[in-house]
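J.: sharing a sequence plus its predicted fold:
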Amino acid sequence: MSMSNKKFETQAVRTQIERTEFKEHSNPLYLTSSFVFEDAEDMRASFAEEIDRNIYSRFTNPNTTEFVDKICQMEGAESGYAFATGMAAVFSTFAALLNAGDHIVSSRSVFGSTHTLFTKFLPKWNIETSYFKVNEMERIESLIQPNTKILYAESPTNPAVDILDLEVLGKIAKKHNLILIIDNCFATPYLQNPIAFGADLVIHSATKLIDGQGRVLGGVTVGKADLIREIYLFSRNTGPALSPFNAWVLSKSLETLAVRVDRHCENALKVAEFLESHSQVQLVKYPFLKSHAQYDIAKKQMKQGGNIVAFEIKGGVAAGRDFLNRLKLLSLSANLGDTRSIATHPASTTHSKLSEADRLEAGISDGLVRISVGLEHVDDIISDLNQALG
Ligand SMILES: Cc1ncc(COP(=O)(O)O)c(C=O)c1O
């Protein structure tokens, strides 16, 4: 049955690869590294891509195909490829599409490892990156050079929860013939579809809300078929593929994405409103709070605000650390988008190696705390935050 005319939730539950002779209801796990051929001619034709079939699980596997098919439907993408981690997706996408000497224009507020890729590793191939701050979109065009190939951004950003106008980015990319790549990790395909605003490719760390239960790592890139073809050829030969087991887990997770994310967002909005009313809190950043500087843009491009709330605690680094030490229910952990609520203090942990000036450029003040709001009862989450704030 075609799923193309069905709603998001129905597609997420009902998109399934073909049933086997056993007529299983739920999709089986295909733990196999390779697939067999009928004869020498079948093998030759398969390798020549005259036949569309599974050859080797570094290329494709039924479980990864099902996972990618679902993400493509959710994002409105033509094609995709699944990776072992979100960072494998980010790196392989750049490595497949860029040549030595190409140039990237990127938002300064990108995930730490993506920043490291831009500053430490891509320069080894003479690929340089120019940055714009989230509040200076008008500077983007002045950063574009003749060798610029990619325009890159996240929205909402990690960890400061800033919002970039995807429609503006889409128009700039089109005007200058750039490939627009959006890391859509914080929004999930349920809350935001960058392709509808002009993105050519969308990347997800599936480790976050897509798994949503803190179990497996995964990543995916979806978008225009000709670009995905380049990414596929690069990946099929270099080996960053998602494992069939993790693909099976992630495909199952997608069946409940909508209901889980609805509750995450409901809880996060209540947490954000509570924090905004607290005397120890200076500033709360949540896309669907009216006080968020880019509230109107968030409303335009997102269905709900997501599950990440950032706030500034009065008293800087010391106050941030004390707050974390007093938490009893919330976990101190590097992950986000889990069923369990998580608190992190970027200035003393993930971003402690950056200079204060660099941290501030990325929107990370000394007292900034990031909460990944989970699926515990919201009263219990708020009660823990309240006692930890003192
Ligand atoms: C926005 C964003 N992109 C990419 C990644 C990398 O994903 P992974 O940890 O699955 O490699 C993360 C991880 O936190 C992230 O938050």
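T.: Now that the structure is in, tell me what you want to look at.
J.: grab the nearest non-local neighbour of the closest residue to the ligand within the chain.
T.: Using CB to the nearest ligand atom, the single residue of the chain nearest to the ligand is Gly86, 2.4 Å away. To be clear about C-beta, it is placed using only N, CA and C from the backbone, and glycine gets the same treatment. Sequence neighbours aside, Ser205 is the residue nearest to Gly86 in space, at 2.5 Å (criterion: CB to CB, 6 or more residues apart in numbering).
J.: got the contact list for Ala153?
T.: Ala153 makes contact with Ser106, Ser107, Val110, Leu164, Leu169, Ile181, Ile182, Asp183, according to CB atoms under 8 Å, 6 or more residues apart in numbering.
J.: likewise for Leu169?
T.: For Leu169, the contacting residues are Met137, Ile140, Leu151, Ala153, Leu180, Ile182, Phe197, Gly198, Ala199, by CB under 8 Å, 6+ apart.
J.: doesn't the fifth one lie inside a strand?
T.: Yes - with DSSP: H, G, I helix; E, B strand; the rest coil as the criterion, Leu180 is assigned to a strand.
J.: who's in contact with the nearest residue to it once chain neighbours are set aside?
T.: Closest residue to Leu180 apart from its sequence neighbours, by CB to CB, 6+ apart: Ala173 at 3.6 Å. By CB under 8 Å, 6+ apart, Ala173 lies in contact with Leu151, Ile179, Leu180, Gly198, Ala199, Asp200.
J.: buried stuff in the least confident helix or strand in the chain by mean pLDDT?
T.: Using mean pLDDT, DSSP states H and E, helix 356-361 stands out as the lowest-scoring helix or strand of the chain, at a mean of 80. Neighbour counts using 16 or more other CB atoms under 10 Å place Arg359 of helix 356-361 among the buried residues.
J.: going by neighbour count, which of the contacts of Ala173 comes out on top?
T.: Of all these, the most densely surrounded is Ala199 (27 neighbours; neighbours counted as other CB atoms under 10 Å).
J.: show me what contacts it?
T.: Counted by CB under 8 Å, 6+ apart, Ala199 has contacts Leu166, Leu169, Gly170, Ala173, Leu180, Ile181, Ile182, Gly223.
J.: phi, psi of Val309?
T.: phi -120, psi 130 (degrees, to the nearest 10).
J.: please report the distance of the residue nearest to Gly86 from Ala247.
T.: In this view, Ser205 and Ala247 are 15 Å apart by CB to CB, to the nearest Å.
J.: measure the residue lying closest to Ser333 once chain neighbours are set aside to Thr238 for me?
T.: Closest residue to Ser333 apart from its sequence neighbours, by CB to CB, 6+ apart: Ile342 at 4.8 Å. The gap separating Ile342 from Thr238 is 32 Å, by CB to CB.
J.: hmm, back to that, redo the contacts of Ala173 as TSV? Include pLDDT.
T.: Listed next are the contacts of Ala173 as TSV, based on pLDDT from 0 to 100:
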residue	pLDDT
Leu151	98
Ile179	98
Leu180	98
Gly198	98
Ala199	98
Asp200	98
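J.: okay, who's weakest in the contacts of Ala153 by pLDDT?
T.: pLDDT across the contacts of Ala153 is lowest for Val110, at 92.
J.: the residue of the chain closest to the ligand: neighbour count?
T.: For Gly86, the neighbour count with other CB under 10 Å is 25.
J.: so what's it up against?
T.: Cys185, Ile203, His204, Ser205, Ala206, Thr207, Lys208, Leu217, Gly218, Gly219.
J.: of those residues, which is the most crowded?
T.: Ala206 (32 neighbours).
J.: does it touch Val222 like I think?
T.: No - applying CB atoms under 8 Å as the test, Ala206 and Val222 come out as separate, 11.3 Å apart.
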